[in-house]
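Q: got a sequence here, can you model it:
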Amino acid sequence: MPRKPPRRTRARILETALGLFNRFGEPHVTTADIADEMNISPGNLYYHFRNKDDIIGELYAALDTGVAPILAGPSARAAHVEDLWLFLHLLFECMWQYRFFYRDLDEITSRSPKLAARFADLTRRSRSAVLELCGGLRAAGALDASDGELGALATNVVMITTYWMSFQRLSRAVAVAAADAGPGDMRFEHAAAQVLALLAPYLHGPDRALVERLGADYRDAAPGGSRGPNLTRRQ
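A: I've put the predicted structure just below:
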């Protein structure tokens with residue numbers, strides 16, 4: 001029987017690790033847990049990855065690859081509110097797929113200066129993308145803001161998206177015991193609504209009304225149900 005290529009097992013390791021990290025949190029999952037979940041020996045896992053940080057590094061590369069085309073959104077033309085809406089939706093979908101990074105960001109980056117530098121670069125690119133998108137909205141006449149206000153908006157948007165999971169977890173801890181808070185409670189609908197609320201005061205007319213309606217849709221999204229507004233273009 002022909003031997004399966006190593007890439008098949010390697011891909012399974014990454015898929016299994018991502019699922020466990022998202023479910024239990026990266027600090028609480030060991031390479032032995034990953035191997036046990038796959039029903040393979042630890043030696044087999046170490047054949048493909050020297051340690052857990054190597055697995056995390058490859059998962060981060062997948063996150064970066066997924067985010068890259070989203071950050072390269074409309075920049076060469078005037079943007080529309082629908083571009084902002086789609087940008088947020090796609091960005092949060094990608095972040096949710098690799099949500100353990102954002103939940104355990106300080107823990108992960110404190111162990112790896114190289115990964116911390118890569119994430120810092122992603123943060124800078126994210127801010128630049130938001131700044132270009134807001135600039136496009138201003139060029140289209142949909143948004144009224146000075147250069148300084150646009151810069152502050154872009155920074156605040158990136159701060160909210162990056163640290164929303166930590167904020168939400170701390171807020172939830174006030175109301176429930178930590179043991180009752182699972183990964184399923186750490187969703188991004190309210191983060192999207194908060195971002196839209198930051199931008200709404202700088203918009204006017206139908207564009208502001210649309211953004212406020214989209215924010216309400218995100219806030220009202222039911223846990224376990226549809227994740228925010230339907231991506232149908234609104235007139």
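Q: can you report phi and psi for residue 141?
A: Phi and psi for residue 141, reported as degrees, to the nearest 10, are phi 80, psi 10.
Q: contact partners for residue 79?
A: Listed by CB atoms under 8 Å, 6 or more residues apart in numbering, the contact set of residue 79 reads 73, 133, 135, 136, 137, 139, 140, 142. To be clear about C-beta, it is placed using only N, CA and C from the backbone, and glycine gets the same treatment.
Q: my bad, residue 58
A: 14, 49.
Q: do you know how far it is from residue 41?
A: 20 Å (CB to CB, to the nearest Å).
Q: mind checking how far the residue lying closest to residue 18 once chain neighbours are set aside is from residue 100?
A: Once flanking residues are discounted, residue 18 sits nearest to residue 59: 5.8 Å by CB to CB, 6 or more residues apart in numbering. Going from residue 59 to residue 100 by CB to CB gives 8 Å.
Q: the more surrounded of these two?
A: For the pair residue 59 and residue 100, the greater number of neighbours falls to residue 100 (27 against 19), based on other CB atoms under 10 Å.
Q: for residue 39, see how far away that one is.
A: 22 Å.
Q: for the residue most central in space within the chain, what are its contacts?
A: Nearest residue to the geometric centre of the chain (CA atoms, centre = their mean): residue 95, 2.1 Å. By CB under 8 Å, 6+ apart, the contact list for residue 95 reads 63, 67, 102, 161, 188.
Q: quick check: it is in a helix.
A: Yes: counting by DSSP: H, G, I helix; E, B strand; the rest coil, residue 95 is found in a helix.
Q: got a pLDDT number for it?
A: Looking at residue 95, its pLDDT reads 92.
Q: relative to residue 109, how far out is it?
A: Applying CB to CB to residue 95 and residue 109 gives a distance of 16 Å.
Q: in this protein, which spans are helices?
A: For the chain, the helices defined by DSSP state H occupy 6-24, 31-38, 42-48, 52-71, 81-97, 99-103, 105-111, 113-139, 147-175, 189-199, 205-219.
Q: the nearest residue to residue 64 once chain neighbours are set aside: neighbour count?
A: Excluding the flanking residues, the one nearest residue 64 by CB to CB, 6+ apart is residue 122, at 6.1 Å. By the other CB under 10 Å criterion, the neighbourhood of residue 122 contains 19 residues.
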